[in-house]
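K.L.:
structure for the following, please:
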Amino acid sequence: MRAEGRDLSFLWDMRQAAKEIIEFMVGTSYDKFARDKQLRYAVERQLMVIGEAAAHVSIKFQECHSEILWKQIVGQRNVLAHEYGEILVERIWLTATTNIPQLLDQIEKLIPKENEQG
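P.N.:
Model prediction:
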């Protein structure tokens, strides 16, 4: 199933946020990430954008693209948005350095090239 309309718009949002996370993380060690509160907050914010956009992708599209872990993405957004206790730095680090590059690859395959902007 091709991404069209609203689903395509949400995929663009997810892609942009994933690209920003990857850009933020270039050359960043775990120790630096753990110490840099601004960087962590920036990454967490973009993870929330990804999760919010994923929550709005149609169920039909999600079912056609089950290779993307939609529920886990939305679940992580909910934890970040509503968990007022300690957010595990290691979990955010692993997500940013491992899961996000994989997610970006998956999303890139779903956005038709003729719809590329800029």
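K.L.:
now for the helix or strand harbouring residue 16, which elements pack on it?
P.N.:
Using DSSP states H and E, residue 16 sits in helix 5-25. Contacts defined by 3 or more Cβ pairs under 8 Å, 6 or more residues apart in numbering; DSSP states H and E place helix 5-25 against helix 37-56, helix 100-110. For every residue, glycine as well, the C-beta is placed using N, CA and C.
K.L.:
got the CA positions of it in CSV?
P.N.:
Extracted C-alpha coordinates of helix 5-25, given in CSV (Å, rounded to 0.1, in the frame of the first residue of the first chain):
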residue,chain,number,x,y,z
GLY,A,5,-2.7,12.0,1.8
ARG,A,6,-2.7,12.1,5.6
ASP,A,7,-0.6,9.0,6.0
LEU,A,8,2.1,10.5,3.8
SER,A,9,2.0,13.7,5.8
PHE,A,10,2.6,11.8,9.1
LEU,A,11,5.4,9.8,7.5
TRP,A,12,7.1,13.0,6.4
ASP,A,13,6.9,14.3,10.0
MET,A,14,8.3,11.0,11.3
ARG,A,15,11.1,11.1,8.7
GLN,A,16,12.1,14.7,9.6
ALA,A,17,12.2,14.0,13.3
ALA,A,18,14.3,10.9,12.7
LYS,A,19,16.7,12.9,10.6
GLU,A,20,17.0,15.5,13.3
ILE,A,21,17.7,12.8,15.9
ILE,A,22,20.4,11.3,13.7
GLU,A,23,21.9,14.7,13.2
PHE,A,24,21.9,15.5,16.9
MET,A,25,23.7,12.2,17.7
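K.L.:
okay, buried residues for the following helix or strand past that helix please.
P.N.:
The helix or strand immediately downstream of helix 5-25 is helix 30-35, counting by DSSP H and E. Residues of helix 30-35 classed as buried under the neighbour-count rule (16 or more other Cβ atoms under 10 Å) are residue 33.
K.L.:
likewise for stretch 97-107?
P.N.:
Applying 16+ other Cβ under 10 Å to stretch 97-107 flags 97, 99, 100, 103, 104, 106, 107 as buried.
K.L.:
nearest residue to the middle of this protein?
P.N.:
residue 50 (3.8 Å; Cα atoms, centre = their mean).
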